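Participant: Got a sequence here, can you model it:
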Amino acid sequence: MEPYVTLSNKNNVGYIEFFHPNRNSIPSSILLELEQTIKRAGDDDTIKVIVLKSGGDRTFCAGASFNEVIAIENETQGKAFFSGFANVINAMRKCPKLIIGRVQGKTVGGGVGLAAATDYCLATKHASIRLSELSIGIGPFVIEPAVSRKIGKIAMSQMSIDAETFFSWEFAKDKGLYADVFDTVEALDESVKLLAEKLAGYNPEALIEMKKVMWKGTEDWDALLAERAKISGRLVLSKFTKNTLKRFR
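Facilitator: Residues are numbered from 1 along each chain as shown. The predicted structure is shown next:
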């Protein structure tokens, strides 16, 4: 299947779905489309609540596209690539609609950042998480503010340092990344639908004001995440990272 980002409106709930055949790893083109789709859903008065999901049934998101990371040749390209995740997270932060995350499987790196940037996240027991960036010579710099905001600095640091370990759904739920966890994808989808449609029936003005309150204190993230993208863009050119990434060719 070809990569895609889609937006569908069902009962005033905007379902945004992204997909890439390589375990839902996200290249720049999909990140840009995802950012634009979130903004479009936020501006659509017929959409009251947004659900962010991915296609397939095994992996929610494998993070950045390694093929694209390997091809980075200078700091400008590096910053531009890592700004893709920064722009999506900032679009989610500034979107006036509440965003429910639907995480059906494993998620790595930038995918953890997307889950953390949702306002309420539901998952299955297959949805373990990993921050693998240090193991390839960079770090989870761009997504750190979103992840730390959701699970705390200590848990974020633990995951970053133990970069080759998948942390269980129990860890993710205990630390606050997941609000609830389900045995099957079917049960997850039913709960996402029920919650989203219930919220869509609430006072839309109250939902908008609640979103502002929830994200208060993050007003500097446009500049902060851009600076973090610059760090990743520089480190990805290091000899260590280039040699490490050769294994993924």
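
Participant: residue ranges with poor pLDDT in the chain?
Facilitator: Scanning the chain for pLDDT under 70 picks out 248-249.

Participant: In it, where's the longest helix?
Facilitator: helix 75-94 (DSSP state H).

Participant: And the next helix or strand past that helix?
Facilitator: Downstream of helix 75-94, the first helix or strand assigned by DSSP states H and E is strand 98-103.

Participant: who does that following strand touch, helix- and strand-wise?
Facilitator: Applying 3 or more CB pairs under 8 Å, 6 or more residues apart in numbering; DSSP states H and E, one finds that strand 98-103 makes contact with strand 49-54, helix 110-117, strand 120-124, helix 185-200, helix 204-214. No exception for glycine: its C-beta is placed from N, CA and C like everyone else's.

Participant: how close does Ala41 get to Val13?
Facilitator: 10 Å (CB to CB, to the nearest Å).

Participant: next one: Ser25
Facilitator: 27 Å.

Participant: Sort out which residues of the longest helix of the chain are buried, please.
Facilitator: Neighbour-count burial for helix 75-94 flags 77-79, 81-94 (criterion: 16 or more other CB atoms under 10 Å).

Participant: Contacts for it next, please.
Facilitator: For helix 75-94, contacts defined as CB atoms under 8 Å, 6 or more residues apart in numbering pick out 26, 28, 31-32, 34-35, 38-39, 42, 52, 64, 68-69, 72, 99, 110, 113-114, 117-118, 141-143, 146, 215, 218, 221-222, 225-226, 228-230, 232-234, 236-237.

Participant: returning to what we had before: which residues are in contact with each of Ala41 and Val13?
Facilitator: Ile47, Ile50.

Participant: Do I have it right that Lys53 meets Ile99?
Facilitator: No. The pair Lys53 / Ile99 is not scored as a contact, 10.7 Å apart, by CB atoms under 8 Å.
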